[in-house]
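In: what follows is a predicted structure for the sequence shown.
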Amino acid sequence: APLCGMGRTVALEHPDFWGGTIDFDFALNPVAAAGALPGILAQPAGHTEDQLALRGQQLHVARLAAEPAISEGSPDELSLSGEHSYLITGGLGNLGRELSLRLIERGARHLVLIGRTRLPERDAWDQEHPERIQQRIQIVKDLEAAGAQVHVAAIDVSRMYQVEEMLSTLRTMGFPDVDGVFHLAVSLVGKRLEEHSFDEFIESLRIKVLSSWNLGEALRDVPVSHNVYFSSASAHLAPLAENSGSYAAGNHFQDSFAHYLRGEDRAAMSFNFGIFSGTLPDSVIISFALSGFEIFTSAEALAEMELWMANAAERPQVSLMPLNAAKVGENYAGLLRATSILKDLSSAAAPAGQTGEAASGGEGKSDDFDLGAITALDDEARAAAIVDYLVAKVARVMRVAPDSFSPTASIKGQGADSMMAVEIRNSIEKDT
């Protein structure tokens, strides 16, 4: 599962040699899987898709399907028990605070916030502390003021013995049985795959993989009502996986683990969230928004998550990602196979007889581009015309004035990311 998630990053960062991932049936032995490979690659899907799964003799492709908003109609509201405990990994961050307050509003009265940072003893909380520690102390105070009993567990959840010790401590303290676990913990490296060190990659990966597995195993015999994974759409959509190889890998594991738990008739839901406002630099947010990804607040995302938990708890995986699928597909046309998961959404969003560029409002061929006229120029004039054209094209994609862009410096050094590079390439290919 982590390998499939990491594939989303490879597809974006190294499209020139990217092939794809094939998820073979667990019951299929390695020799049989290798024998099935030539037949799979010979099928049309082997050339047009980069996420395949073989189940029995049936080859499946990955597709996202639109669902009506649960808020339409009269949905049930999430109701939690005041007689049980709820664990939150990564609970001492801003999103953890926001989630915890919502859980209290829904009836929770016993919260366990899990993180690796140890807070001072309570009798020292009013003393001066580093800002990061002070903020976490304030989060606990806010939650207690809202009516909850709060315990902060300073442990590494990727270590099973520490998880078991924490659960034993909770029983000794008189905390009620666990009824819900919310997996918020994350570690982002923020580097291209080839820039990761092995230790960085493993450290980021285990935060999601081992933490999810350990809590799942430690609570195997506990009838937990809610096991919720805060995953990301980067697990299945390449444009969101840049500089996130280990993160996408961990997210895909959580998605798969939720399906595994549901197969054991245990509660589990994994939410592939899109882009929250305030979580990325403004320039990156703007780039995503212009490419078809809609930005939403964490409050909007949590409210939608609650509705799914209350009304569709049997679903192991839900992607909460507002977007214009046709526009995303158009902007990342150079990654056609890596965005094929959006095909059903793109065709559904386009008016009859209209797809791709026309459906997404793409700019099409530049009005001021005349390949014949440029070809007819002498060598010196042709070179100057091409430079002017490329500067104008790159500046338009980067949303800067052409005279502020240097044609002799690298575009990466002037602020372009790989998503912009794809957009530039696609736009030039339309013209030529």
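Out: Good, I have the coordinates. Numbers count the residues shown, from 1 in each chain.

In: what mean pLDDT does the helix or strand harbouring S427 get?
Out: When secondary structure is defined using DSSP states H and E, the element that contains S427 is helix 418-431. Averaging pLDDT along helix 418-431 yields 67.

In: repeat for stretch 20-37
Out: For stretch 20-37, the mean confidence score works out to 81.

In: on the three-state scheme, A185 is what?
Out: coil (DSSP: H, G, I helix; E, B strand; the rest coil).

In: what sits against D344?
Out: In this structure, D344 makes contact with R63, L64, A65, A66, judged by CB atoms under 8 Å, 6 or more residues apart in numbering. For every residue, glycine as well, the C-beta is placed using N, CA and C.

In: got the phi/psi numbers for Q138?
Out: In terms of degrees, to the nearest 10, the main-chain angles of Q138 are phi -60, psi -40.

In: ok, it to H84 distance?
Out: Note on Q138: its distance to H84, by CB to CB, to the nearest Å, is 26 Å.

In: again with L323
Out: Relative to H84, L323 is positioned 36 Å away (CB to CB).

In: so for the two, which residue has more residues nearby?
Out: The residue with more neighbours, out of L323 and H84 and counting by other CB atoms under 10 Å, is L323; that gives 24 against 20.

In: nearest spatial neighbour of that one, chain-adjacent residues omitted?
Out: For L323, ignoring the flanking residues on the chain, the nearest one in space by CB to CB, 6 or more residues apart in numbering is F293 at 5.0 Å.

In: any idea how far the one you found lies from S71?
Out: From F293 across to S71, the span is 21 Å (CB to CB).

In: ok so, going back, show me which of the contacts of D344 are buried.
Out: Those of these that meet the buried threshold are L64, by 16 or more other CB atoms under 10 Å.

In: would CSV of the contacts of D344 with secondary structure be doable?
Out: As requested, those are exported to CSV (three-state DSSP):
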residue, secondary structure
R63, coil
L64, coil
A65, coil
A66, coil
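
In: which residue ranges of the stretch 151-300 of the chain form helices?
Out: Per DSSP state H, counting those that start in this stretch, the stretch 151-300 of the chain carries helices over the ranges 160-173, 198-218, 245-263, 282-290, 298-311.

In: let's see the last one as PDB, backbone CA atoms only.
Out: Spelled out, that is helix 298-311. This file holds the C-alpha atoms of helix 298-311, laid out as PDB (Å, rounded to 0.1, in the frame of the first residue of the first chain):
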ATOM      1  CA  SER A 298     -10.700  23.000   8.200                       C
ATOM      2  CA  ALA A 299     -14.000  23.900   9.800                       C
ATOM      3  CA  GLU A 300     -15.800  23.100   6.500                       C
ATOM      4  CA  ALA A 301     -13.900  19.800   6.200                       C
ATOM      5  CA  LEU A 302     -14.600  18.700   9.800                       C
ATOM      6  CA  ALA A 303     -18.300  19.500   9.400                       C
ATOM      7  CA  GLU A 304     -18.500  17.400   6.300                       C
ATOM      8  CA  MET A 305     -16.500  14.600   7.900                       C
ATOM      9  CA  GLU A 306     -18.900  14.500  10.800                       C
ATOM     10  CA  LEU A 307     -21.900  14.100   8.500                       C
ATOM     11  CA  TRP A 308     -20.200  11.100   6.800                       C
ATOM     12  CA  MET A 309     -19.400   9.600  10.200                       C
ATOM     13  CA  ALA A 310     -23.000   9.900  11.300                       C
ATOM     14  CA  ASN A 311     -24.700   8.800   8.100                       C
END
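
In: buried set for that helix?
Out: For helix 298-311, the neighbour count (16+ other CB under 10 Å) marks S298, A301, L302, E304, M305, E306, L307, W308, M309, N311 as buried.

In: how about the shortest one?
Out: Across helix 282-290, burial judged by 16+ other CB under 10 Å covers I285, S287, F288.

In: ok, so of those residues, who is nearest D221?
Out: Sorting the buried residues of helix 282-290 by distance to D221 puts F288 at the head of the list, at 42.8 Å, by CB to CB.

In: correct me, but the closest one touches T279?
Out: No. With contacts counted by CB atoms under 8 Å, F288 stays clear of T279, the gap being 10.8 Å.

In: compare the helices of the stretch 151-300 of the chain and give me the one nearest L52.
Out: For the helices of the stretch 151-300 of the chain, distance to L52 was read as CB to CB. The smallest value, 14.6 Å, belongs to helix 245-263.

In: for that closest one, packing partners?
Out: Packing partners of helix 245-263 (3 or more CB pairs under 8 Å, 6 or more residues apart in numbering; DSSP states H and E): helix 2-13, helix 198-218, strand 226-232, strand 269-273, strand 317-320.

In: buried residues in that helix?
Out: Neighbour-count burial for helix 245-263 [16+ other CB under 10 Å]: 245-258, 260-262.

In: how about stretch 135-146?
Out: Judged by neighbour count (16+ other CB under 10 Å), stretch 135-146 contains these buried residues: R136, I137, I139, V140, L143, A146.

In: which one of these sits closest to D221?
Out: Within the buried residues of stretch 135-146, proximity to D221 (CB to CB) peaks at L143, which comes in at 28.4 Å.

In: OK, contacts around that closest one?
Out: L143 makes contact with R97, S100, L101, I104, L111, V150, according to CB under 8 Å, 6+ apart.

In: which ones are touching F253?
Out: A1, P2, G5, K208, V209, S212.

In: show me the contacts for the nearest residue in space to the fourth one that is not next to it in sequence.
Out: Okay, so that is K208. With sequence-adjacent residues excluded and distances taken as CB to CB, 6+ apart, K208 is closest to G250, at 3.1 Å. Shown here is G250, whose contacts under the criterion CB under 8 Å, 6+ apart are P2, G5, V186, S204, L205, I207, K208, V209.

In: close enough to count as contact, G329 and L342?
Out: Yes. Taking CB under 8 Å as the contact criterion, G329 and L342 are neighbours in contact, 5.5 Å apart.

In: and D221, backbone torsions?
Out: Given degrees, to the nearest 10, the pair of backbone angles that D221 has is phi -100, psi 10.

In: what is the neighbour count of it?
Out: Applying the criterion other CB under 10 Å, we find 7 residues in the vicinity of D221.

In: appreciated, that's everything.
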